[in-house]
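> For reference, the sequence and a predicted model appear below.
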Amino acid sequence: MGGDLRRWRRCLLSGAVFAVCMAGTTLPTPLYGLYQEKFDFSELTVTVVYAVYAVGVIGVLLLAGNASDAVGRRPVLLWGLGFAAASAVCFLCATALGWLYAGRLLSGLSAGLFTGAATAYVMELAPPGGVSRAMFVATAANMGGLGCGPLLAGVLAQYADWPLYLPFAVHLALVACSATVVLRLPETVRERRPLSTVRPQRPSLPPPVRVVFGPAAAASFVGFALFGVFTSVSPSFLAQSLNVHNHAVSGLVVASAFFASTVGQLAVGRVGVSRSLPLGCAGLLAGLALLAGALRWDLLFLVVLSAIVGGAGQGLAFRGALSAVASASEADRRAAVISALFVLAYAGISVPVIGVGLLAGSIGLEGAGLVFIACMALLVSFAGVYLLRRPVPATEAGGVRQGTS
């Protein structure tokens with residue numbers, strides 16, 4: 001019993017480190033309006049600055065998505081925290097637009113190192129039989145951390161001094177504490193190999209994973225695309241169309257989507273993976289419909305409702321997708337397979353968001369949002385129908401082999 005408690009404590013500590021890293025990636029969200037005033041750039045530039053983050057994530061996942069399988073989880077997480085600290089420093093030093101690009105790129109490198117490695121690490125630190133709970137810890141840390149970022153920055157920007165500096169100073173301190181925690185946690189990779197064995201990898205999947213990967217990746221793509229639009233342009237929509245200029249309110253609206261995702265992930269344990277994926281697609285479709293209504297009639301409560309419903313749907317779909325592909329993977333390929341899923345998920349953050357920014361210049365932010373919603377609704381509908389016709393087998397949500405403490 002004592003051993004189990006010790007392993008759960010380690011699992012939760014690693015989850016907290018995961019959350020701190022991910023919070024830094026969304027920290028600038030409610031501050032983009034202030035940066036627009038300071039540096040005088042367009043809505044398209046906002047989406048490009050935001051999407052640079054996804055470029056960093058995808059680049060790391062493709063070039064070194066399996067690094068932690070070789071050199072160990074802890075060294076990769078320490079490098080990720082180093083990039084997170086460098087990102088915070090860029091925002092603290094920002095005197096021109098280039099600093100924002102650099103900060104977002106470094107933040108993407110940090111998240112790219114963390115996504116596969118930290119998810120596998122949290123699961124492997126859990127005691128035997130605790131895989132389902134550990135998976136929730138990992139996905140909740142991911143989405144909960146993403147939600148805490150805009151909430152923290154929004155509150156500090158609205159009610160404290162130095163709105164463009166204090167949030168990043170606080171995050172820098174949290175990153176330093178997280179590095180101390182990682183140094184005290186054990187390594188879980190049994191057979192470590194030198195860094196020279198890590199090679200750039202083209203996306204490939206072991207045969208047992210392929211049957212679940214396609215629809216899981218489609219649902220993840222749409223969920224992350226919805227979050228990408230919320231995170232990048234919803235503060236502008238709230239200010240321009242709804243006259244909401246309170247940074248804390250903007251941060252809370254964005255955060256509610258991520259927190260609802262955490263609730264949706266928790267529900268997977270009750271409904272099961274085979275049902276959570278199609279239910280998640282239905283939730284995403286409903287969230288997109290509510291967002292369309294919010295854009296059409298300029299109603300704040302529909303924005304909030306779309307964040308909550310769409311976020312819950314994303315949580316159901318994302319945790320179901322992650323559970324399915326992770327449990328179908330061998331231990332020595334798990335981080336690489338998880339990274340492949342995140343490559344497509346983060347493509348959802350970048351490509352549609354830049355498309356919205358491009359269209360906003362010609363047809364306006366609301367029109368661009370409606371085009372985005374139509375495209376994403378079509379994709380998630382196809383994924384949902386496929387999953388209803390060919391549900392994920394219950395056995396593929398099963399156990400994941402544990403590492404050692």
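Looks like it arrived, so ask away. Numbers count the residues shown, from 1 in each chain.

> Number of residues surrounding Gln240?
16 (other C-beta atoms under 10 Å). Placement of C-beta: from N, CA and C, glycine included.

> Check what pLDDT it gets.
pLDDT for Gln240: 87.

> swap in the one 10 residues further on?
As predicted, Ser250 sits at a pLDDT of 95.

> That one contacts Pro150, doesn't it?
Yes: Ser250 is within contact range of Pro150, at 7.4 Å (criterion: C-beta atoms under 8 Å).

> Need the residues touching each of those two.
Both Ser250 and Pro150 are in contact with Thr29, Pro30, where contact means C-beta atoms under 8 Å, 6 or more residues apart in numbering.

> out of the two, which sits in the more crowded spot?
Taking other C-beta under 10 Å, Ser250 and Pro150 do not tie; Pro150 has more neighbours (33 against 28).

> I'd assumed Val254 was in contact with the more buried one.
Yes: between Pro150 and Val254 a contact is recorded at 4.3 Å, counting by C-beta under 8 Å.

> which residues are in contact with both of those two?
Shared contacts of Pro150 and Val254 (C-beta under 8 Å, 6+ apart): Thr26, Thr29, Pro30, Thr231.

> Compare these and tell me which is most surrounded.
Neighbour counts for those, by other C-beta under 10 Å, peak at Pro30, which reaches 34 neighbours.

> Please give me every residue in contact with Thr25.
Thr25 neighbours (C-beta under 8 Å, 6+ apart): Tyr53, Ser107, Gly108, Ser110, Ala111, Leu146, Gly149.

> What distance do you get for it to Gly80?
Thr25 sits 11 Å away from Gly80, going by C-beta to C-beta, to the nearest Å.

> sorry, back to before: cross the contacts of Thr25 against helices and list the overlap.
Secondary structure from DSSP state H places Tyr53, Ser107, Gly108, Ser110, Ala111, Leu146, Gly149 of these in helices.

> Distance to Tyr121, pLDDT and neighbour count added to these, as JSON lines?
Putting the ones in helices among the contacts of Thr25 into JSON lines (distance: C-beta to C-beta, whole Å; pLDDT from 0 to 100; neighbours: other C-beta atoms under 10 Å) gives the following:
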{"residue": "Tyr53", "distance to Tyr121": "22", "pLDDT": "93", "neighbour count": "30"}
{"residue": "Ser107", "distance to Tyr121": "20", "pLDDT": "97", "neighbour count": "28"}
{"residue": "Gly108", "distance to Tyr121": "20", "pLDDT": "96", "neighbour count": "27"}
{"residue": "Ser110", "distance to Tyr121": "15", "pLDDT": "97", "neighbour count": "30"}
{"residue": "Ala111", "distance to Tyr121": "15", "pLDDT": "94", "neighbour count": "29"}
{"residue": "Leu146", "distance to Tyr121": "18", "pLDDT": "93", "neighbour count": "27"}
{"residue": "Gly149", "distance to Tyr121": "21", "pLDDT": "97", "neighbour count": "27"}
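
> Appreciated, that's everything.
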